[in-house]
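Novice: Predicted coordinates and the sequence they were generated for:
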Amino acid sequence: ITGATFTGIVAPGQSGRQQTADQYEQALFHPQASMPGEGEFASLKPIPLFALPLPPSFCYGEGCMNGVPPLEFAGVSHWAALAALLAAGACILELGQSYKKTVRNRTTFWLGAACLFSLVPDLAAMLADEPEKIWTWMLPLHFCSVMQVVCALSLWIPSRRLRSVAYYCVLCATLQGLVTPSVAHDFPSWTYFAFFLSHGVTVITALYLPLALEWKPARWDFLWAFLLANAYLVAIHPVNMLLGTNYGFTVATPAGGSVLDFLGPWPWYLLWMQVPPLAQMYLRTIPFPLYPRGRPASSIIPRSYAIL
């Protein structure tokens, strides 16, 4: 049927997108039914092939994803995504530790590119699964979105402080999102794949910095990351008030539930949420030998170009 106009059947007053799966099969495999004839077929009108609905298994958008329930915590799809990320992370770390410098550099570059590219599926998922959302909710202003950019830069630029922010903030915030995800639509929605892709590549990057690039923090680098994380909260809250959004969850806790629900109501959870990350950041410093000035480690960009 390539290059030709194929026609199906549709009752008067009914659009092609509203046809059932049985009507789709009938129009696709029995084209003779669309020919004019006597009786009930005399009132039917032809429609072009592009107006026929997609098969149910490939149907995305408002009409389909609104019927898909949210991701179930510790469900089969949750564990499957974590297992896939664990396998992918192990492979990436193995390539990053290769004895061939070209392999290490290419792995570092493409992992950074994946961090930036993962912003695109996030937007595409919102457009496909929740087209009723207004543009103010589609901006890349969530903390994890900011960390995607920071992780990409930390792989390409040998900056000790930049890598400290990526390491501490991702393992204390984004990792928590993987463990207790707040995903509006479960498998096989675009939201499901975009969420685990964007969060997964940043967590892999945070582990890649010390394990593959041999980055080491200084004694108090975690305080630098802690201060920048709070600077983000201070900067994003007025934006939420202006746009009526909830980036960084400074207005309310995630609708799907998270550990923030155990820290009290607004605004008290914003205060109590400072304690666990600070303690986690300090504990994540202990495994490293304490270098007074830290180690930026290797990078695909010469160290002379680093500005931090």
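Specialist: Noted; the coordinates are in hand. Numbers count the residues shown, from 1 in each chain.

Novice: Local confidence estimate at Gln23?
Specialist: Each residue has a pLDDT score; the one for Gln23 is 54.

Novice: what's the answer for the one 4 residues further on, then?
Specialist: Looking at Ala27, its pLDDT reads 49.

Novice: now swap in Tyr167 and tell me
Specialist: pLDDT recorded at Tyr167 is 94.

Novice: likewise Pro46?
Specialist: Per-residue pLDDT puts Pro46 at 50.

Novice: Repeat that for Thr108.
Specialist: pLDDT at Thr108 comes out at 93.

Novice: Please list the residues outside whichever strand or helix holds it that contact it.
Specialist: Under the criterion of DSSP states H and E, Thr108 resides in helix 101-117. With C-beta atoms under 8 Å, 6 or more residues apart in numbering as the test, helix 101-117 has contacts from 92, 95-98, 148-149, 151-153, 155-156, 201-202, 204-205, 208, 212-213, 298-300. C-beta: built from backbone N, CA, C; applies to glycine.

Novice: one more time with 7 Å, if that's ok
Specialist: Here helix 101-117 makes contact (C-beta atoms under 7 Å, 6 or more residues apart in numbering) with 92, 95-96, 98, 148-149, 151-152, 155-156, 201-202, 205, 208, 300.

Novice: Likewise for stretch 131-144?
Specialist: Under C-beta under 7 Å, 6+ apart, the answer for stretch 131-144 is 61-62, 119, 123, 126, 173-174, 177, 198-199, 202, 232, 236, 239, 243-245, 247-248.

Novice: which among the residues you listed end up buried?
Specialist: Taking 16 or more other C-beta atoms under 10 Å as the criterion, what is buried in the contacts of stretch 131-144 is 119, 126, 173-174, 177, 198-199, 202, 232, 236, 245, 247-248.

Novice: If you count contacts, what does the next helix or strand after the helix holding Thr108 end up packed against?
Specialist: Downstream of helix 101-117, the next assigned helix or strand under DSSP H and E is helix 119-129. Here helix 119-129 touches helix 143-156, helix 190-211, going by 3 or more C-beta pairs under 7 Å, 6 or more residues apart in numbering; DSSP states H and E.

Novice: With distance to Ser164 and mean pLDDT as added columns, please give those in CSV.
Specialist: Shown next, in CSV, are the helices and strands packed on helix 119-129 (distance: least, C-beta to C-beta, whole Å; pLDDT from 0 to 100):
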stretch, distance to Ser164, mean pLDDT
helix 143-156, 9, 93
helix 190-211, 9, 92
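
Novice: which stretch among those helices comes nearest Leu260?
Specialist: For Leu260, the closest of those is helix 143-156, at 12.4 Å, according to C-beta to C-beta.

Novice: Just the CA coordinates for the closest one, please, in CSV.
Specialist: Output of helix 143-156 as CSV, limited to C-alpha atoms (Å, rounded to 0.1, in the frame of the first residue of the first chain):
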residue,chain,number,x,y,z
PHE,A,143,17.0,19.8,40.6
CYS,A,144,17.7,16.5,38.7
SER,A,145,17.5,18.4,35.4
VAL,A,146,20.1,20.9,36.6
MET,A,147,22.3,17.9,37.8
GLN,A,148,22.1,16.4,34.3
VAL,A,149,23.9,19.5,33.0
VAL,A,150,26.3,19.6,35.9
CYS,A,151,27.2,15.9,35.4
ALA,A,152,28.0,16.5,31.7
LEU,A,153,30.2,19.4,32.5
SER,A,154,31.9,17.5,35.3
LEU,A,155,32.9,14.8,32.8
TRP,A,156,34.3,17.2,30.3
